[in-house]
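S.K.: Structure here, sequence nowhere to be found:
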Ligand code: SAJ
């Protein structure tokens, strides 16, 4: 039997030993899914705190139930370690590490590079490696292939197998999770795709096979670039509607009444999260090396990045109309998470809105039921969520709804506030009807 046949057999009968590099919001759910499918899984992460929690049979990822981890740890199907040398025993390795941006806006490949360099030390014949981290097209072939194979005289597609399969984890979502979200997968060679698909089909309901790693890398970027550009479109529409004296929320709801050929997006104070504002810039960055300017991405990114400034300009105008200065005024920001009903503040536009108002001399406080403390990474300021939200609403000269958490009682907020700027249409019809409310 060939190396490929031997490995496929081990993957199909689940005797293959599986490792997940990176145990974050992507890696830990994936480890549990492979473990529950019957694989022997080893999680590897340099963060000892994570490993200690997992060793106790507990989870630190809200989407992963502690009971699931406890059961796998107890049965011996899942162990976690900071020791990368365990990789020399592994047959199948999935790399799930972050791909953020540098402060310059360029891709930060340091996590992929360090994971790949660690794995390279333990590469051997008969391994399959899958990269899950969202990245620019060509990463798998240009960066992983040489470091993991060529430099060890291992022939990819014969001695070992390499593929890309983008993560599609949406933290907090319960209807589509790792096991039932279709998984795109493309190999460096046909054989690589075949082996990696045999592995993933052993645990994930639907694997959508594409012909190359680049096609898989690009499909993920299309998914999130599609969102970023359409959010940029409705943000620009909000600016145009304000000039025209038209209610953008009414316009969007009307367009959304079309049962086909339209997908609803809503304007807001900017683009947060670790996916949508970041992933498309990996594509535009890569295209620069082909002397191609990805104009849609650049323009949408410019519009989205400018939304915090636009929101603050609207607040300035609205307060001026009410005979108030922003400078010296007490401002309460409601909601700082990057989207409603979650506890993640990464890249949240709220931090920019707060920073801009602070720079104009406003006395800014915030409340967020999910985020007890915030700090600005570059400007250095920090603050705690106010304890008594309604008391702060009453005392504020203006209340700014930045993230529309479901649990807020917007009717009571309007009743108790002097003025509300609603950047998410959280107040809806009540806000539209109230003299005290202005919406984006
Ligand atoms: N946003 C808007 N208007 C919209 C939609 C979103 O301003 O119409 C803002 C949000 O407030 C947030 C940012 O954009 O600040 C991103 O929001 P998101 O709904 O795209 O949520 P994310 O960042 O959690 O995106 C994830 C992505 N999942 C993966 O990459 C695996 C994305 O592909 C999913 O489509 C998205 O979740 C989802 O649908 O929830």
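M.R.: Good, I have the coordinates. Computed from a prediction, not measured in an experiment: that's the story for all the values here.
S.K.: Run the chain-centre distance for stretch 333-343.
M.R.: Taking C-alpha atoms, centre = their mean, to the nearest Å, one finds stretch 333-343 lying 14 Å from the centre of the chain it belongs to.
S.K.: which residues are contacting it?
M.R.: Stretch 333-343 is contacted from outside by 62, 171-172, 272-273, 344-351, 353-354, 364-368, 370-371, 374, 389, 399-408, 413, 424, using C-beta atoms under 8 Å, 6 or more residues apart in numbering. Yep, even glycine has a C-beta here, placed from its N, CA and C like the rest.
S.K.: Show the buried residues in those.
M.R.: The neighbour-count criterion (16 or more other C-beta atoms under 10 Å) marks 171, 272-273, 344-345, 347-351, 353-354, 364-368, 370-371, 374, 389, 399-405, 408, 413, 424 among the contacts of stretch 333-343 as buried.
S.K.: Is stretch 210-228 in proximity to the ligand?
M.R.: Yes - interface with the ligand: stretch 210-228 contributes 223, 224, 227 (C-beta under 6 Å from any ligand atom).
S.K.: Distance from the chain centre to that stretch, please.
M.R.: Stretch 210-228 sits 15 Å away from the centroid of its parent chain (C-alpha atoms, centre = their mean).
S.K.: contacts with the ligand among the buried ones among the contacts of stretch 333-343, please.
M.R.: 272, 273.
S.K.: the strands in the stretch 101-250 of the chain, which residues?
M.R.: Assigned by DSSP state E, counting those that start in this stretch, the strands in the stretch 101-250 of the chain fall at 127-131, 160-164, 183-187, 207-210.
S.K.: ok, the last one: who's next to it in the sheet?
M.R.: Each strand paired with strand 207-210, and its direction, by DSSP bridges: strand 183-187 (parallel).
S.K.: Let me know whether the partner strand sits next to the ligand.
M.R.: No - contact of strand 183-187 with the ligand (C-beta under 6 Å from any ligand atom) is absent, the minimum separation being 11.1 Å.
S.K.: So what's the gap between that strand and the chain middle?
M.R.: Relative to the centre of its chain, strand 183-187 is centred 19 Å away, using C-alpha atoms, centre = their mean.
S.K.: Tell me what angle that strand forms with strand 160-164.
M.R.: 130 degrees (axes from the mean of the first three to the mean of the last three C-alpha atoms, to 10 degrees).
S.K.: three-state assignment of the residue lying closest to residue 277 once chain neighbours are set aside?
M.R.: Closest residue to residue 277 apart from its sequence neighbours, by C-beta to C-beta, 6 or more residues apart in numbering: residue 271 at 4.3 Å. Assigned with DSSP: H, G, I helix; E, B strand; the rest coil, residue 271 falls in the coil class.
S.K.: Count residues in the vicinity of residue 271, would you?
M.R.: Neighbours of residue 271 under the rule other C-beta atoms under 10 Å: 27.
S.K.: so it makes contact with residue 302?
M.R.: No - with contact defined as C-beta atoms under 8 Å, residue 271 does not count as touching residue 302 (11.3 Å).
S.K.: Flag every residue of the stretch 101-250 of the chain that's near the ligand.
M.R.: 167, 168, 169, 170, 223, 224, 227, 231.
S.K.: Which among those count as buried?
M.R.: 167, 168, 169, 223, 224, 227, 231.
S.K.: Save the strands of the stretch 101-250 of the chain as JSON lines, and put in mean neighbour count too.
M.R.: Below are these laid out as JSON lines (neighbours: other C-beta atoms under 10 Å):
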{"stretch": "strand 127-131", "mean neighbour count": "28"}
{"stretch": "strand 160-164", "mean neighbour count": "29"}
{"stretch": "strand 183-187", "mean neighbour count": "25"}
{"stretch": "strand 207-210", "mean neighbour count": "18"}
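S.K.: Redo the ones you listed as CSV? Include distance to residue 121 and mean pLDDT.
M.R.: Output for the strands of the stretch 101-250 of the chain, formatted as CSV (distance: least, C-beta to C-beta, whole Å; pLDDT from 0 to 100):
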stretch, distance to residue 121, mean pLDDT
strand 127-131, 13, 98
strand 160-164, 14, 98
strand 183-187, 23, 98
strand 207-210, 29, 98
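S.K.: For residue 384, find the nearest of those strands.
M.R.: Of all the strands of the stretch 101-250 of the chain, the one in closest proximity to residue 384, counting by C-beta to C-beta, is strand 127-131 (39.0 Å).
S.K.: Please work out the angle formed by the directions of the closest one and strand 183-187.
M.R.: Using the same axes, to 10 degrees: strand 127-131 against strand 183-187 is 120 degrees.
S.K.: List the strands paired with strand 127-131, with their directions.
M.R.: Here strand 127-131 has these sheet partners by DSSP bridges: strand 92-95 (parallel), strand 160-164 (parallel).
S.K.: now the last one, how far from the centre of its chain.
M.R.: This means strand 160-164. 24 Å.
S.K.: Give me the buried positions along stretch 151-159.
M.R.: With burial defined by 16+ other C-beta under 10 Å, the residues of stretch 151-159 counted as buried are 154, 156, 157, 159.
S.K.: Among these, which pair sits farthest apart?
M.R.: Farthest pair in the buried residues of stretch 151-159, by C-beta to C-beta: 154 and 157, 10.1 Å.
S.K.: In contact with the residue in the stretch 101-250 of the chain that the ligand sits nearest to, which residues are there?
M.R.: With C-beta to the nearest ligand atom as the measure, residue 170 is the residue of the stretch 101-250 of the chain nearest to the ligand, at 3.9 Å. By C-beta under 8 Å, 6+ apart, residue 170 lies in contact with residue 176.
S.K.: Return the distance of residue 432 relative to the ligand.
M.R.: Look at residue 432 and the ligand: by C-beta to the nearest ligand atom, to the nearest Å, they are 19 Å apart.
S.K.: Could you do residue 264 as well?
M.R.: For residue 264, the distance to the ligand - C-beta to the nearest ligand atom - is 7 Å.
S.K.: In terms of distance to residue 127, which of the residues of stretch 210-228 next to the ligand ranks first?
M.R.: Closest to residue 127, out of all of the residues of stretch 210-228 next to the ligand and judged by C-beta to C-beta, is residue 223, at 28.5 Å.
S.K.: Do you have the strands of the stretch 301-440 of the chain handy? List them.
M.R.: In the stretch 301-440 of the chain, the strands defined using DSSP E, counting those that start in this stretch lie at 330-334, 363-367, 373-375, 382-384, 398-401, 420-422, 437-439.
S.K.: and residue 317, which of those strands is closest to it?
M.R.: Per C-beta to C-beta, nearest to residue 317 of these: strand 437-439, 8.8 Å.
S.K.: Just put the residues of the stretch 101-250 of the chain next to the ligand in a markdown table and tack on distance to residue 52.
M.R.: Putting those into a markdown table (distance: C-beta to C-beta, whole Å) gives the following:
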| residue | distance to residue 52 |
| --- | --- |
| 167 | 25 |
| 168 | 29 |
| 169 | 23 |
| 170 | 27 |
| 223 | 35 |
| 224 | 33 |
| 227 | 36 |
| 231 | 39 |
